[in-house]
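K.L.:
A predicted structure for the sequence below; I have some questions about it.
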Amino acid sequence: MAEKVTQTSSSSANIIVIGAGVVGCSVAFHLARAGARVRVFDKGGICAGMSARSGALVRMHYTFAPEAELAWKSHHYFRNWSDIVGGRCGFVETGFAVVVDERNATRLRANVAMLRGVGVDTEVVTAAELHRREPHASVDDVALAAFEPHSGYADPVATTESLAAAAKRYGAEFSIDTPVARIASRGGHASGVVDAVGRIHEADAVCIVAGPWTDALLAPLSAKIGIRSERAQIAFFKRPSQIKHCIYIDTIAGSYFRPHGDDLTLAGLGGWKSEAEANPDDFREANDDDFVAAVRTRLARRIPAMADAPYSRGHAGIYDVSPDARAVMGAVPTVERLFVAAGFSGTGFKTAPAVGASMAELILTGASTTVDLTPFGFERILRGRMIESPHEYEMGAGFGHKL
Ligand SMILES: Cc1cc2nc3c(=O)[nH]c(=O)nc-3n(C[C@H](O)[C@H](O)[C@H](O)COP(=O)(O)OP(=O)(O)OC[C@H]3O[C@@H](n4cnc5c(N)ncnc54)[C@H](O)[C@@H]3O)c2cc1C
């Protein structure tokens, strides 16, 4: 159990959140809703970081049960956004399929059993059943699929902005264009932050939610996660409106794709070829030509009618990849009352609502109850005890992160 904020009751605790991406805004919303005084600092604006570049798939298929639970609890938010958060998140229900060949068939069955135990609405379907649902899909190389009828995608900017607006309605203040230079500490505990012009902002606790920039804030405290900044790309292709498909994670071809409105398909790859570690402040934001060709080929393997789909637009972003490609969430071991939620490794959009709820509980009460975040704790990194899923898939080259 993490040390809770004991100086004040949760109704008046004064908490600083560093980072106004989708996760930081969710943490701020849940803290403010619980009655804390919250200030959010961002070196840019709201949604200035990687959240704006997200593919924003909202699916529950994970191989690690606690992560699936975060996705499942978050899915409830996406489907009931205006009631829970207010505003809009742009959620569109499309259905979702993970497709596997024989190599991964046993793993898929085991993972679906685990997911159903968590409560996720999912089932194993045969290639023939998948084809009945998805007549435009080629399924010759598919052994099995896991299907989620209620998954979909959202608008990452609208999602982040509505979380920020909801946090503000509960009294949270946002200091944008205000970089945090370092964490202030007194007597071994976080006492606030120092901004880039040397002003000290006091707080009872600080939560770093700074994506690929997180380690720069942790390094002076001897507590680096070891985040690697990996450039990842997504591209949008024009799709004839009569061609319909759901969201796919294609472990065979090694790609993911989803519809985007009625006439576009978004397709993405992570580490599909080796690249030097990226600088999140200075990286090539446009698509590479060879990426566009590679991802279209992989898309066409599943949806052959997309083989000549015209390229519309696209961009790159940065995955904040932790040593085991799973998020690090909880108390920072070297400094009391300092918390972190980072290293989401290319999958942190869809879990942001439940992550925010769980982090707020941890900060204010010392324990997270929406989802127990203990398995994601920082200690595992320091002790070299990496998260290993029992039924991790062998992925086709280029998917870019674990499931
Ligand atoms: C191309 C791409 C596709 C993706 N697709 C998906 C997907 O389909 N589904 C999914 O679930 N996830 C996806 N992800 C991952 C997901 O988008 C991220 O995990 C999520 O957006 C991370 O949010 P965040 O709030 O942690 O970080 P960010 O949005 O990066 O926010 C961090 C913020 O911290 C601020 N900051 C940093 N340092 C400082 C400082 N010193 N002082 C003040 N502010 C600071 C930054 O300005 C930034 O606004 C994708 C990511 C990429 C790049």
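P.N.:
Here it is on my side, so go on. Given the structure is predicted, the values throughout are model-derived calculations rather than measurements. Residues are numbered from 1 along each chain as shown.

K.L.:
quick check: residue 64 touching residue 386?
P.N.:
No. Judged on Cβ atoms under 8 Å, residue 64 makes no contact with residue 386 at a distance of 11.3 Å. Yep, even glycine has a C-beta here, placed from its N, CA and C like the rest.

K.L.:
shared neighbours of those two, anything?
P.N.:
Taking Cβ atoms under 8 Å, 6 or more residues apart in numbering as the contact rule, residue 64 and residue 386 both touch residue 326.

K.L.:
neighbour count: these two, which is higher?
P.N.:
Neighbour count, other Cβ atoms under 10 Å: between residue 64 and residue 386, residue 64 has more, with 22 against 12.

K.L.:
check the gap between the residue nearest to residue 257 when sequence neighbours are not counted and the ligand for me.
P.N.:
Of all residues not flanking residue 257 in the chain, residue 267 sits nearest, at 4.0 Å (Cβ to Cβ, 6 or more residues apart in numbering). Counting by Cβ to the nearest ligand atom, to the nearest Å, the gap from residue 267 to the ligand is 11 Å.

K.L.:
tell me which residues of the helix or strand containing residue 267 come out buried.
P.N.:
Assessed by DSSP states H and E, residue 267 sits inside strand 264-269. Buried residues in strand 264-269, counting neighbours by 16 or more other Cβ atoms under 10 Å, are found at 264-269.

K.L.:
widest-spaced pair of these?
P.N.:
The distance between the two most remote of the buried residues of strand 264-269 (Cβ to Cβ) is 17.1 Å, for 264 and 269.

K.L.:
residue 45 should be in a strand, yeah?
P.N.:
No. Under DSSP: H, G, I helix; E, B strand; the rest coil, residue 45 falls outside any strand and is assigned coil.

K.L.:
how close does it get to residue 282?
P.N.:
Residue 45 is 18 Å from residue 282, where distance means Cβ to Cβ, to the nearest Å.

K.L.:
okay, the two: which has more neighbours?
P.N.:
Between residue 45 and residue 282, residue 45 has the larger neighbour count (other Cβ under 10 Å), namely 14 against 7.

K.L.:
contacting residues for the more buried one?
P.N.:
Each residue near residue 45 by Cβ under 8 Å, 6+ apart is listed here: 20, 176-177.

K.L.:
just the buried members of those residues?
P.N.:
Neighbour counting with 16+ other Cβ under 10 Å marks residue 20 as buried within the contacts of residue 45.

K.L.:
who are the packing partners of the longest helix anywhere in the chain?
P.N.:
The longest helix of the chain (DSSP state H) is helix 102-118. In this structure, helix 102-118 packs against helix 65-79, strand 96-100, strand 123-126, strand 144-148, with contacts taken as 3 or more Cβ pairs under 8 Å, 6 or more residues apart in numbering; DSSP states H and E.

K.L.:
quick one: the helices in the stretch 251-400 of the chain?
P.N.:
In the stretch 251-400 of the chain, the helices defined using DSSP state H, counting those that start in this stretch lie at 289-302, 352-365, 379-382.

K.L.:
closest to residue 201 out of these?
P.N.:
Set against residue 201 and scored by Cβ to Cβ, the helices of the stretch 251-400 of the chain come closest in helix 352-365, at 16.7 Å.

K.L.:
mind listing what's buried in that closest one?
P.N.:
By neighbour count on 16+ other Cβ under 10 Å, the buried set for helix 352-365 is 352-364.

K.L.:
hmm, back to that, nearest to the ligand, of the contacts of residue 45?
P.N.:
residue 20 (5.2 Å; Cβ to the nearest ligand atom).

K.L.:
what residues does the stretch 251-400 of the chain have near the ligand?
P.N.:
Residues of the stretch 251-400 of the chain lying close to the ligand (Cβ under 6 Å from any ligand atom) are 268, 317-319, 344, 346-350.

K.L.:
which two in the residues you listed are spaced the farthest apart?
P.N.:
The two members of those with the most space between them (Cβ to Cβ) are 318 and 350, at 17.6 Å.

K.L.:
of these two, which one has the most company?
P.N.:
residue 350 (29 against 24).

K.L.:
quick one: the more buried one and residue 403, what's the gap?
P.N.:
12 Å.

K.L.:
also residue 184?
P.N.:
Counting by Cβ to Cβ, the separation of residue 184 from residue 403 is 39 Å.

K.L.:
those two: who's more crowded?
P.N.:
Between residue 184 and residue 403, counted using other Cβ under 10 Å, the more crowded position is residue 403 (24 against 17).

K.L.:
quick check: that one touching residue 62?
P.N.:
Yes. Using Cβ under 8 Å, residue 403 is in contact with residue 62, at 6.0 Å.

K.L.:
residues making contact with stretch 372-388?
P.N.:
Residues outside stretch 372-388 that contact it (Cβ under 8 Å, 6+ apart): 64, 66, 223, 225-226, 322-324, 326-333, 340, 358-359, 362, 368.

K.L.:
tell me the secondary structure of residue 216, please.
P.N.:
Put simply, residue 216 is helix when judged by three-state DSSP.

K.L.:
wait, what's in contact with it?
P.N.:
residue 210.

K.L.:
that one and the ligand, how far apart?
P.N.:
Counting by Cβ to the nearest ligand atom - residue 216 and the ligand are separated by 7 Å.

K.L.:
name the helices or strands packed onto the helix or strand residue 128 falls within?
P.N.:
Here residue 128, judged by DSSP H and E, is contained in helix 127-133. Applying 3+ Cβ pairs under 8 Å, 6+ apart, we find helix 127-133 packed against strand 144-148.

K.L.:
who are the packing partners of the strand it packs on?
P.N.:
Using 3+ Cβ pairs under 8 Å, 6+ apart, the elements in contact with strand 144-148 are strand 96-100, helix 102-118, strand 123-126, helix 127-133.

K.L.:
which of these sits most buried?
P.N.:
Per residue and on average, the most neighbours among the helices and strands packed on strand 144-148 fall to strand 96-100, with a mean of 26 (mean count of other Cβ atoms under 10 Å).

K.L.:
got any ranges where the stretch 1-150 of the chain has weak pLDDT?
P.N.:
Low-confidence segments of the stretch 1-150 of the chain (pLDDT under 70): 1-11.
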